[in-house]
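> Okay, here's the prediction I keep looking at, along with the sequence it came from:
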Amino acid sequence: MGALTHASLVEYLLEEAYEVAETIETGGDEAELKGELGDVLLQVVLHSRLAEERGTFAFTDVVRSLTAKMVRRNPHVFRPDGSLQDTFPATVEEIVLKWDAVKKAEKPDRANHFEGIPEALPALARAQKTLDRAARAGLPPLAEPAPLVESVETRAAGTPLAGLVEAFDSEHELGELLLAVVGAARSKGFDAERALRGAVRQYQDQVPPGS
């Protein structure tokens, strides 16, 4: 395994994770899902083995650390010894509040509300995660770029969908509108990243083979 490194394995970890997502979103059967989850687990094992060869940690340490974190971050579910609590919060909102309180206590010096959101996330997913954090922190809601929306509606009225590109003078304007779309999707409980994946998948399925 000397030729492998954590960095060289990253692309495979991401690929396997997305294959799990695709299996779930396309209605794959349980056997397929089991296999894809096994592929993700293999990546965890490989990274753990590389670390073990350096003498830093092993797979069992990963499991123990995860177990301790789940117990620590879910005091509404587990007692400190790992046994289940007798009662549980009544609502999802209560669970989220408790989770956030524990995470804040763990990292009291966190610089801002968005620290910890991976920069490597796809842009739509990162936008949705950012807006989730903002809402949970009680920050002001996203301001809709009204002039830009009106510009798009006016300049693109009566034109084919492809003509929408003419409504933008810069990628910055396009980015603002996309962020607004993500915000609107989130307000309705939609996942913008998953929605776009589904639309792309549908388009691919409509294109005749070999065309």
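Good, I have the coordinates. Note that the structure is a prediction, hence the values are computed from the model and not measured.

> Which pLDDT does the model give Phe114?
In this model, Phe114 is scored at 87, pLDDT.

> How about the secondary structure of it?
Of the three states, Phe114 takes coil according to DSSP: H, G, I helix; E, B strand; the rest coil.

> Look up phi and psi at it.
When quoted as degrees, to the nearest 10, the phi and psi of Phe114 stand at phi -100, psi 0.

> from what I can see it touches Arg133, true?
Yes: taking Cβ atoms under 8 Å as the definition, Phe114 is a contact partner of Arg133 at 5.6 Å. (Glycine included, C-beta is placed from N, CA and C.)

> Between these two, which has more neighbouring residues?
Shown here are Phe114 and Arg133; by other Cβ atoms under 10 Å, Arg133 has more neighbours (17 against 13).

> I'd like to know which elements the strand or helix carrying Gly198 is packed against.
Per DSSP states H and E, Gly198 falls inside helix 192-206. Applying 3 or more Cβ pairs under 8 Å, 6 or more residues apart in numbering; DSSP states H and E, we find helix 192-206 packed against helix 6-25, helix 123-136, helix 171-187.

> can you list those helices in a markdown table and add distance to Leu84?
As requested, these are exported to a markdown table (distance: least, Cβ to Cβ, whole Å):
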| stretch | distance to Leu84 |
| --- | --- |
| helix 6-25 | 28 |
| helix 123-136 | 26 |
| helix 171-187 | 32 |
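
> lowest-confidence stretch among those?
Lowest mean pLDDT within these: helix 171-187, at a mean of 85.

> How far away from the center of its chain is it?
17 Å (Cα atoms, centre = their mean, to the nearest Å).

> That helix: which residues count as buried?
173-174, 176-177, 179-183, 185-186 (16 or more other Cβ atoms under 10 Å).

> ok, back up a step: quick check: angle from the helix holding Gly198 to helix 123-136?
For helix 192-206 against helix 123-136, the angle by axes from the mean of the first three to the mean of the last three Cα atoms, to 10 degrees is 150 degrees.

> okay, helix 192-206 in PDB with CA atoms only?
Once non-C-alpha atoms are left out, helix 192-206 reads as follows in PDB (Å, rounded to 0.1, in the frame of the first residue of the first chain):
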ATOM      1  CA  ALA A 192     -31.300  22.100  -4.700                       C
ATOM      2  CA  GLU A 193     -28.300  19.900  -5.300                       C
ATOM      3  CA  ARG A 194     -30.500  16.700  -5.400                       C
ATOM      4  CA  ALA A 195     -33.000  18.500  -7.600                       C
ATOM      5  CA  LEU A 196     -30.400  19.400 -10.200                       C
ATOM      6  CA  ARG A 197     -28.900  15.900 -10.100                       C
ATOM      7  CA  GLY A 198     -32.400  14.600 -10.900                       C
ATOM      8  CA  ALA A 199     -32.900  17.000 -13.700                       C
ATOM      9  CA  VAL A 200     -29.600  16.200 -15.300                       C
ATOM     10  CA  ARG A 201     -30.300  12.500 -14.900                       C
ATOM     11  CA  GLN A 202     -33.600  12.900 -16.600                       C
ATOM     12  CA  TYR A 203     -32.000  14.800 -19.500                       C
ATOM     13  CA  GLN A 204     -29.400  12.100 -19.900                       C
ATOM     14  CA  ASP A 205     -32.100   9.500 -20.100                       C
ATOM     15  CA  GLN A 206     -34.000  11.400 -22.800                       C
END
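
> Understood, closing this out.
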